[in-house]
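Participant: give me a model of this one.
(chains A and B)
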Amino acid sequence: MPETFDAIVVGAGPAGNSAALTLAREGLNVLQLERGEYPGSKNVQGAILYANALEQLIPDFRDEAPLERHIVEQRVWMLTEKSHVGTHYRSDDFNEERPNRYTIIRAQFDKWFSSQVKDAGALVICETTVTGLIRDSRGKVVGVTTDREGGEIFADVVVLADGVNALVSQKAGLRGELKPDQVALAVKETHYLPRDVIDQRFNIKGDEGVVIEAAGTITAGMLGTAFLYTNGESISVGVGCIVSDFAGSDISPYDLLERFKEHPSVRPLLADAELKEYAAHLIPEGGYKAVPQVAGDGWLVAGDAGQFVNSLHREGSNMAMTTGHLAALTIAELKREGRPMTAANLSTYRKRLEDSYVLKDLKKYRDLPTVLHKNKQFVTAYPELLSQAADTWFRVDGVDKRTKERSILRNFRRGRGLIGLVGDAYKMARAFR
Amino acid sequence: MNIVVCIKQVPDSAQIRVHPVTNTIMRQGVPTIINPYDLFALEEALCLRDRFGGTVTVITMGPPMADTSLRKALAYGADRAVLLTDRFFAGSDTLATSFALSQGISRLAAEAPVDIVFTGKQTIDGDTAQVGPGIAKRLNLHQLTYVEHIDSLDLEAREITVRRRAEGGVQVLKTGLPCLITMLEGTNSIRFASMDDMFRAARTRLDKWSAKDAGVEDMQKCGLRGSPTVVKKVFAPSPRTEKAKIIDIAGLEPAQIADAAIETLFEANPELHEDLRAFASGA
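Facilitator: Now for the predicted structure:
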């Protein structure tokens, strides 16, 4: 007799965990399947946790969750080969009682998140890969198949939180293949450093943390960013670029990361650190236009599988949690009202997404991926121009200030042309609209 | 037939870190696994159960979090899992561990007689290979260590024949039941659990026994107090200071290469030179 559940959740990342947690709390009989050895074992992120999305689910998560440091300082750097121009925002207000952002180590965090899911009553089974979807004669999804003997499991509805590659939905024909220009490949290393060394190097104390996001010539003309985050006793450092850019380049992701680590602004921060871990991951960066169909007959998509990532603001795991939560609320409502999990009934999920920050934000920046992808000057010419301008401005060398100003302006005009400059400003303004 | 398999949850040695300052092992955040050698014991037990019927019970002594390993063992197909967990067990060496496990096995045997106890040949974190024999001694079981194959099992005659890897050869041993077998690595490969087993493992309640539950009367035999072995110091071996010497042999004849090698050896160790000379001259 095959097992039957109210709902099956595929995947135990932030989206799957949020969905399974919510469904279990709403009293549904939930099965969550994860292919990794334990929840979090295969999950890779920078990683920054945005408190708000998790707070909606677990208000007092700060008491128990394994958190590394709360962020009090954000640095945004524009890099050239030898310099960085940037802004730092640091505020003691970030030392609030309920801090807004944390660095986390996903393997530990996800394990804890999953323990909450189990406590809520969901059945969580790991080391089991979902290989396909089962449909009834009318094409409605009614269950999943797994890689284990006797692996058919049935449910009224399936939440696909199977991550960026979305292999299950793809194989089931619910969506196309990932497009190389809609996905970034990021590589990351974790370096061990004693806590007090990190505190000194970044001018922080206690659980305070610093994050650095960097863009510029460091990505060798490819569209992408680099990052450096402080954890409790380690530093996460990584870089990611759009896959189609990597394909047209002879630089490997790891070469790029080496270059970033060797950058004169970065190298001192990592001095004497011991490499402990390396990882790579794909990030869906296609934005609003890349979001696939989010629900159908007996199924919904949440998290990276739905391409819910705001690449500009580096938000993804929070969107995963919110979309998982909203998917579960959609299901729970139908269940309560005794209505079937049909495409028409589940379509309110899309509405919920549009009413939330998730699709509002993605829609706001819907043109940004295309604009950036077609206008590489934002990561090539401008960092150089900014660096030259700063150099001219700050260097005291007997040249009068008016001449310096003129030289800066001339440089920008020579670099992009007057029309280019105006055009770039217009493109940016439109993309951010 | 009732089989008990003793397992241990150990830190995944592939991912262990040594603290660069204090040189102590950092267990925090290191994933834990079932001691890999124990999986060969578990699979052998499951095969016997599949052929002869009966039950396989896994037992471990450890902190409450050791339940993840027991759950995994259930997923592989074990029928029941017992966790011996108690602060009295903390700090056990191999003597105290074999005492605790034998107490737990005795309680199981009181419910239904145990025919075979399996353990792995040793653990990857302690490497002593003492706990299995310790249990056999305490429970008065025939002891078969380093077993690479079970040739036959006759439940009527209550006899078992195994092949045991020994120094310089393989011994074929026959003994009566009940017995204790420590299984050698590479003898089988652990099965891929069915979906039903995964469900059963996820839903099964583990038996959690304190020292008292396991029938321990003398707490002095448990944990730190029952452990005569004391770890005095843990340290990482310091790397060798002397470097390998490289001899450039480009264009040399074999005899010249031999001379160069010997010359280098003698240079590094003049005493050896003296000794060999004395030896050669028959002194």
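
Participant: pick out the residue closest to the middle of the chain.
Facilitator: Since no chain was named, I'll use chain A. The residue lying closest to the centre of chain A (Cα atoms, centre = their mean) is A:Gly316, at 3.4 Å.

Participant: hm, I was asking about chain B
Facilitator: Mean-position check on chain B, Cα atoms, centre = their mean. Result B:Gln122 at 1.8 Å.

Participant: so it sits against B:Ala129, correct?
Facilitator: Yes - contact status for B:Gln122 versus B:Ala129: in contact at 3.8 Å, counting by Cβ atoms under 8 Å. Glycine gets a C-beta too; all of them are placed from N, C-alpha and C.

Participant: between those two, which contacts overlap?
Facilitator: B:Thr182 (Cβ atoms under 8 Å, 6 or more residues apart in numbering or on different chains).

Participant: which parts of stretch B:207-223 are buried?
Facilitator: B:207, B:209, B:211, B:213-214, B:216, B:221-223 (16 or more other Cβ atoms under 10 Å in any protein chain shown).

Participant: check those residues and tell me the two furthest apart.
Facilitator: B:Asp207 and B:Lys221 (21.4 Å; Cβ to Cβ).

Participant: can you tell me which residues in the stretch 201-350 of chain A are near chain B?
Facilitator: A:274, A:276 (Cβ under 8 Å from any Cβ of the partner chain).

Participant: ranges for the helices of the stretch 201-350 of chain A?
Facilitator: A:243-247, A:253-262, A:267-270, A:317-337, A:343-346, A:348-355 (DSSP state H, counting those that start in this stretch).

Participant: between these, which one is nearest to A:Phe154?
Facilitator: For these, proximity to A:Phe154 was assessed by Cβ to Cβ; helix A:317-337 is nearest, at 15.4 Å.

Participant: what angle do the closest one and helix A:348-355 make?
Facilitator: 140 degrees (axes from the mean of the first three to the mean of the last three Cα atoms, to 10 degrees).

Participant: next one: helix A:317-337 to chain centre, how far?
Facilitator: Between the centre of helix A:317-337 and the centre of its chain there are 19 Å (Cα atoms, centre = their mean, to the nearest Å).

Participant: flag every buried residue along that helix.
Facilitator: Applying 16+ other Cβ under 10 Å to helix A:317-337 flags A:317-332, A:334-335 as buried.

Participant: could you do stretch A:91-109 as well?
Facilitator: A:94, A:99, A:101-109.

Participant: name the SS class of A:Val85, please.
Facilitator: Following DSSP: H, G, I helix; E, B strand; the rest coil, the label given to A:Val85 is strand.

Participant: that one contacts A:Trp77, correct?
Facilitator: Yes - using Cβ under 8 Å, A:Val85 is in contact with A:Trp77, at 7.3 Å.

Participant: neighbour count winner among these two?
Facilitator: Neighbour count, other Cβ atoms under 10 Å in any protein chain shown: between A:Val85 and A:Trp77, A:Trp77 has more, with 24 against 19.

Participant: ok, what's across the strand from that one?
Facilitator: In this entry, A:Trp77 is beta-bridged to A:Gly86, A:Ala214, by DSSP bridges.

Participant: and the pLDDT at the residue nearest to the centre of chain B?
Facilitator: B:Gln122 is assigned a predicted lDDT (pLDDT) of 93.

Participant: checking it next. Helix, strand or coil?
Facilitator: Under three-state DSSP, B:Gln122 comes out as coil.

Participant: how much space separates it from B:Gly215?
Facilitator: 27 Å (Cβ to Cβ, to the nearest Å).

Participant: what of B:Glu242?
Facilitator: From B:Glu242 to B:Gly215 the distance is 56 Å (Cβ to Cβ).

Participant: pLDDT weak spots in the chain?
Facilitator: No chain in the question, so chain A it is. For chain A, applying pLDDT under 70 flags the ranges A:1, A:433.

Participant: that's the wrong chain, I meant chain B
Facilitator: In chain B, residues with pLDDT under 70: B:16-29, B:283.

Participant: how does it look with 50?
Facilitator: Judged by pLDDT under 50, chain B has no weakly predicted residues.

Participant: would you map the strands across it?
Facilitator: Remark: strands assigned in chain B by DSSP state E are B:2-6, B:9-11, B:17-18, B:25-26, B:32-34, B:55-61, B:80-84, B:116-120, B:142-154, B:159-166, B:169-176, B:179-183, B:207-209.

Participant: perfect, I'm done here.
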